[in-house]
Each structure stands twice: as C-alpha cells, then as structure tokens.
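Novice: Coordinates for the following, if possible.
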Amino acid sequence: MLAIWSGFLVLVGLIWLSRHAQVSRGGRRQTVLHPGLYTHAAERLPRISVLVAAKDEQDNIGRCIGTMLAQDHPDFEMIVINDRSVDRTAQIVDELAAGDARLKALHIKELREGWFGKNNAMREGVEQADGEWLCFSDADCRYTSPRLLTVAMRHALAENVDFLSVLPVLETHGMWERIIQPACGAVLIFWFRPERVNSPHSTDAYANGAFMLIRRDAYEQIGGHEPVKAEVNEDVHMARLAKQHGLRLAVVQNRGLYQTRMYTTFGQMWRGWSRIFYGCFGTPVRLVRTLLFLLLFSLSPWLSSLAGWVAVTARGFDQAGAWLAVALAGSAAAVVQWTVMLRFYHLSQAGRRYAISYPLGALICCGMVVEAMRKLLGARTTWRGTTYRGNQVV
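Specialist: Numbering: from 1, shown residues only. Next up is the predicted model:
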C-alpha cells in the first residue's frame, strides 16, 4: 500500500511540474492592462455609466467615489445605489453627489421580491443610466490610476470585446488575508483558466464583479440582471450568458489601475469565499472535485512528507522500508509545488514570500468548500445583513 502511495506522490509531483508550463503560458498569453497603455490621441470615446451598489459601506464608499470621479475619461457618469444601508453610507453619498453633477445617488428602501440585494440594486441603477456602455463595480474598490476607465474602454474597442472584466489586485494587510486570499484565487484559476475563458471556442466563462465593462445592447441581449436576479455570484453567471449568446468575453489582469480589499477578518473571508465557491461552482460534482483537488494535490505532498519522515525517524533508515520512499516522494512533490506557487504568487501580485503558506491556505479552503456544500444543501447564509437559503431570501 505504501508503495502505491509513493507512486501516487511521484505522479502528483510530475503534475505540479507540468504546472510550470501552464504558468509560463498563462504569463505570456494573459493581457495586463496598465496606465501606460493607449496614450495616443483617440476619437470620441463612448459614454460610460459606472454603477456601484453600496450596503453599509461607510468605510469605503468615499474613497471609491473620489477615485472614480478623478478618472480622465471624457464622458462618464457614476451612479451609486445605496442598498438599505443602516450606517452613514447614504449621508456620505448624498454629500458627495451635491458637489459633482456626474454623481447620482439612488436609495433603495425595500428589496424586490425574488431578487438578491446587489442584483436588485444594479437593476435599479441601470434604469437610471444613459451610457452606451455600463461599468459595474464594487464599493470596496480603490481606483489607483485616473486612466482606468480610458484604458479599459479603449482596450474593449480595440479588441472588439463586448464584455470586459478587469481583475482586481487584492489588498492584503493582515496575516490571514495573505494566507487565504491567494490560495482561494488559485482554486478559481483551477476551474477558470484565463486562456480558456478568453477563447470564443471554449464554453468556460468567468468575470469578476469588481470591474465589468459591457456594451449596453449586449447587456440587454443577455436579459440584463433578470436571469441572474437570485444568483449569489451574478458576475460569473452573466459571463456564461454572454458566451451563450455569442458575445465576445475577455478577462484581463491589471497592474496599477485599481485594487480592492475584499475582506478584513477571518470570519468575513470564511463567509465570503464559501459564498463565492457556492456561487461559482454550484453543483455537488464540481465542489467534490474541488475538495479532492485540494486534498490530493495540494495537501497530500506535505502531509505524506511529514508522516514519512516521522516514520523514518522512529524506525531508523535501515528499518524504514517503504516509508522512506513515501517521505522522499512527498518531499519532492512538496518542493515542486512550492516552486510553482512562488511563480503564481508573483504573477498574482500576492508576494513570493507568502507562497510557503499555500498548504495552510489550501487547508482552510477545504473547510470553505465544505461550507459551500452545506449552502448547496440548503444551509442559511447571511451576507450584508440579508439571509439567504439556496436561491431564496429568507
């Protein structure tokens, strides 16, 4: 049995070794938008309506609005939809709207039946928008370059893209953020490889709701937010609808354009990422496969190496037998995994030195996937003050 397990660990090591080629291809093929692009003069750019839903975002909304209104795009409006906030969000938005005609404030008092909060808020905002393009973003975003809208808009036009999602750079300040966020991102990459998402010949679809730029007629073609009104991860489902309707979908990285701090506490990360896994994967088969991937390919090299060397130490090299093979194969697989994650953490701008924490992050991800399974089976989840069970508001 130990011989079979050591053989499996060799296979795991070889699979991780092959990931180096995937990381290299991903690095070459993945488009990265940055402030230095599209600096030459351009003809008239389409008008953009930027829509941000905000629920209890008093700590973030001022920064979000201020950095968006600093954009150099010549023709845009910003619509902030205050979604039943009980803190100072509404007051902050109203004060800022009074000082800039480009900013509109909407206030939602009640949730429309059958709709989830953010989806309902965005629907309300679109009804008031007059842009040729719609840009959906989040209240916890900080737009670090005034060229974000211009670069994204010109890239979409240059590449004939109907639906463009610019991925955020994740701000990570605390220890748990640095351990958990990159590991969760790696799980998403496992399912949503950028080269497949961006290929019109693949059905794989993904988008990140932190920044989605879509032609208004394309938005209307997929039915707007109506088909995703009761979806937790409406961004991914909208991306799938776009591909199903034959629209051009593109997901790109950014460097220096904007960033977001998704969660600040362990509890927020646990609830948030389990909700994301539930919404993105959405079937028992995918969740089980994700859990097996984490257990067998991410954790087994480290656990096997530890168990193997403990056995070798206890028995001595002369008596260790097959345990020595397990220890060596597990250690080799763990080292190869670590070298792959070094490159992945660098490309994702998470910082190479945190790559060694990936096994702990993967272990926590396992718990989040199990929590996502519970949600799929009907367990309640509370997010932004609203409680959901499956696709129903409780």
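
Novice: for the residue nearest in space to the middle of the chain, what are its contacts?
Specialist: Of all residues in the chain, the one closest to the mean position by C-alpha atoms, centre = their mean is residue 208, 5.3 Å from it. The contact partners of residue 208, by C-beta atoms under 8 Å, 6 or more residues apart in numbering, come to 165, 166, 167, 168, 235, 251. Every residue, glycine included, has its C-beta placed from N, CA and C.

Novice: ok, the first one - how many residues close by?
Specialist: By that I understand residue 165. Look at residue 165: counted by other C-beta atoms under 10 Å, it has 27 neighbours.

Novice: Now the helix or strand encompassing it - C-alpha only, CSV.
Specialist: Here residue 165 sits within strand 163-166, counting by DSSP states H and E. Provided in CSV are the C-alpha atoms of strand 163-166 (Å, rounded to 0.1, in the frame of the first residue of the first chain):
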residue,chain,number,x,y,z
PHE,A,163,-17.9,42.2,-22.1
LEU,A,164,-14.6,43.1,-20.4
SER,A,165,-13.7,42.1,-16.9
VAL,A,166,-10.6,43.7,-15.4
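
Novice: which helices and strands does that strand pack with?
Specialist: For strand 163-166, the packing partners by 3 or more C-beta pairs under 8 Å, 6 or more residues apart in numbering; DSSP states H and E come out as helix 148-158, strand 211-215, helix 234-244, strand 249-254.

Novice: tally of neighbours for the closest residue to residue 108 other than its chain neighbours?
Specialist: Beyond its immediate neighbours in the sequence, the residue positioned closest to residue 108 (C-beta to C-beta, 6 or more residues apart in numbering) is residue 83, lying 5.0 Å away. Counted with other C-beta under 10 Å, residues neighbouring residue 83 total 28.

Novice: Hmm, residue 83 is touching residue 110, no?
Specialist: No. Residue 83 is beyond contact range of residue 110, at 10.3 Å (criterion: C-beta atoms under 8 Å).

Novice: quick one: contacts of stretch 140-152?
Specialist: Stretch 140-152 has contacts (C-beta under 8 Å, 6+ apart) with 33-35, 37-38, 45, 48, 50, 52, 57, 60, 63-64, 67-68, 70-73, 76, 135, 164, 166, 168, 171, 210-211, 213, 254, 256-262.

Novice: Against residue 35, how distant is residue 71?
Specialist: For residue 71, the distance to residue 35 equals 12 Å [C-beta to C-beta, to the nearest Å].

Novice: still on that earlier bit, the strand holding residue 165 pairs with which strands, parallel or anti?
Specialist: Paired strands of strand 163-166, with direction, are strand 211-215 (antiparallel), strand 249-254 (parallel) (DSSP bridges).

Novice: now the helices for the stretch 1-150 of the chain?
Specialist: For the stretch 1-150 of the chain, applying DSSP state H, counting those that start in this stretch gives helices covering 2-29, 61-69, 89-98, 117-128, 148-158.

Novice: now the ones you listed as TSV including mean neighbour count?
Specialist: Shown next, in TSV, are the helices of the stretch 1-150 of the chain (neighbours: other C-beta atoms under 10 Å):
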stretch	mean neighbour count
helix 2-29	15
helix 61-69	20
helix 89-98	18
helix 117-128	21
helix 148-158	22
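
Novice: Show me the shaky parts of the stretch 1-150 of the chain.
Specialist: Applying pLDDT under 70 to the stretch 1-150 of the chain flags residues 25-29.

Novice: ok, back up a step: residue 121: which of the helices and strands packed on strand 163-166 is closest?
Specialist: helix 234-244 (10.9 Å; C-beta to C-beta).

Novice: buried residues in the closest one?
Specialist: 234, 235, 236, 237, 238, 239, 240, 241, 242, 243 (16 or more other C-beta atoms under 10 Å).

Novice: Give me the mean pLDDT for that helix.
Specialist: Averaged over helix 234-244, pLDDT sits at 96.

Novice: Can I get that helix in PDB? Just the C-alpha atoms.
Specialist: Output of helix 234-244 as PDB, limited to C-alpha atoms (Å, rounded to 0.1, in the frame of the first residue of the first chain):
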ATOM      1  CA  GLU A 234     -24.100  37.100 -10.700                       C
ATOM      2  CA  ASP A 235     -20.800  38.100 -12.300                       C
ATOM      3  CA  VAL A 236     -19.900  34.500 -13.300                       C
ATOM      4  CA  HIS A 237     -23.500  33.800 -14.400                       C
ATOM      5  CA  MET A 238     -23.600  36.900 -16.600                       C
ATOM      6  CA  ALA A 239     -20.300  35.900 -18.200                       C
ATOM      7  CA  ARG A 240     -21.800  32.400 -19.000                       C
ATOM      8  CA  LEU A 241     -24.900  34.100 -20.500                       C
ATOM      9  CA  ALA A 242     -22.600  36.300 -22.600                       C
ATOM     10  CA  LYS A 243     -20.800  33.300 -24.100                       C
ATOM     11  CA  GLN A 244     -24.100  31.500 -24.700                       C
END
